[in-house]
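Colleague: Predicted model follows, preceded by the sequence.
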Amino acid sequence: MAQDTAVTVYNTTVITDPLQNQYSFKLTLRGGAIFQVTNLHQAKLAEQAGACAVIVSDQINSNSVISRMTDPSLIKQIKRVVSIPVISRARIGHFVEAQILEATGVDYIDESESLSIADDQNHINKQNFRIPFISGARNLGEALRRIREGAAMIRIQGELSNSGNVSETVKNVRCLMKELRVLSNMDDDEVFAFAKKIEAPYDLVAQTKQMGRLPVVHFAAGGIVTPADAALMMQLGCHGVFVGPEVFGYGNGFKRVRGIVQAVRNYNDPHVLVETMMGLNLGGDGDDDDDRIENVPFGADNENV
């Protein structure tokens, strides 16, 4: 993959200009795995297994129709017990939730489509904040629009149901990477029409063509539950992976989480990948109660986790 050098093509306010957005090239998550956690136990396990960050979310409430930002008390408790970056989610367009999350001291905010949408016409203007944002996208045009709004990382999103099906993620990653290859091989005169076609800012499209990649790092998310899934995303060209909470419901939880971390770091080494896959319940449905990681409720009882 190309080196992460920040360049500016034209005299316009491009999000990757270091004078305009310091977060676009200071992200330290490249080449890592980010795990979604719902309690202190899972957060500590992810850190011990080598996760580069954790994304905090509440337990799924089957009685709730609307999913919102995470309880700030849970975020603060997890920040006290882990040393890796902590991410939390805000609803699309809900800039007040983002203001609250920024005040809690999280390291990154994910404007997430997995939560209920607050504004179906507008995303958060991320350039109004001093904290880096992560945004989801399924293709190049969508990714560049989010970058224009101020996103410091793109999450190539697959399925949102936590079913463990990676096919949607593979489709979207291949779509974005194909569009990048097409753009890189275009004549300069064709870029104007291409930018219009994908509904993306021309200056960012031209910059992406010159760099041969997105101006920010991009991770894959959705359906990644095995080391092989993670390595597949890396070999397709991603810089890292988001892993959903379903991995904590399988037997050998720590081994699975650790295996995913190792697979991201050694995705081109099949011998390492063999080791990461051994002993996992690859055909299971996550009902191995004897080896399941318990959902430890957050509070005073978790002080020694």
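Modeller: Yep, that arrived.
Colleague: Only C-alpha atoms from now on, for both contacts and neighbour counts.
Modeller: Will do.
Colleague: All the strands of the chain, in order from the start?
Modeller: 32-37, 53-56, 86-91, 108-112, 133-137, 151-157, 217-221, 240-243 (DSSP state E).
Colleague: Return the residues in contact with the residue nearest to G212 when sequence neighbours are not counted.
Modeller: Leaving aside its sequence neighbours, G212 sits nearest to S184 (CA to CA, 6 or more residues apart in numbering; 5.8 Å). S184 is in contact with 209-210, 212, counting by CA atoms under 8 Å, 6 or more residues apart in numbering.
Colleague: will you turn those into CSV that also has neighbour count and distance to C175?
Modeller: Formatted as CSV, the contacts of S184 follow (neighbours: other CA atoms under 10 Å; distance: CA to CA, whole Å):
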residue, neighbour count, distance to C175
K209, 22, 16
Q210, 17, 19
G212, 16, 15
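Colleague: Show me the shaky parts of the chain.
Modeller: Within the chain, the segments meeting pLDDT under 70 span 1-28, 60-64, 281-305.
Colleague: biggest helix in it by residues?
Modeller: When the chain is parsed with DSSP state H, its longest helix is helix 167-184.
Colleague: Buried residues, that helix. List them.
Modeller: Neighbour-count burial for helix 167-184, counted by 16 or more other CA atoms under 10 Å, picks out 168-170, 172-174, 176-177, 180, 183-184.
Colleague: distance of A200 from Q210?
Modeller: A200 is 16 Å from Q210, where distance means CA to CA, to the nearest Å.
Colleague: wait, I134
Modeller: Distance from I134 to Q210, by CA to CA: 23 Å.
Colleague: And for S167?
Modeller: With CA to CA as the criterion, S167 and Q210 are 30 Å apart.
Colleague: CA-only coordinates of stretch 192-207 in CSV, if you can.
Modeller: Once non-C-alpha atoms are left out, stretch 192-207 reads as follows in CSV (Å, rounded to 0.1, in the frame of the first residue of the first chain):
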residue,chain,number,x,y,z
PHE,A,192,-14.3,16.3,-14.0
ALA,A,193,-16.9,14.0,-15.4
PHE,A,194,-16.0,11.2,-13.0
ALA,A,195,-16.3,13.6,-10.0
LYS,A,196,-19.8,14.6,-11.2
LYS,A,197,-20.8,11.0,-11.7
ILE,A,198,-19.9,9.9,-8.2
GLU,A,199,-21.2,13.2,-6.7
ALA,A,200,-17.9,14.0,-5.0
PRO,A,201,-15.9,17.3,-4.7
TYR,A,202,-13.6,17.7,-7.7
ASP,A,203,-10.5,18.8,-5.7
LEU,A,204,-10.7,15.7,-3.5
VAL,A,205,-11.2,13.4,-6.5
ALA,A,206,-8.1,15.0,-8.2
GLN,A,207,-6.1,14.6,-5.0
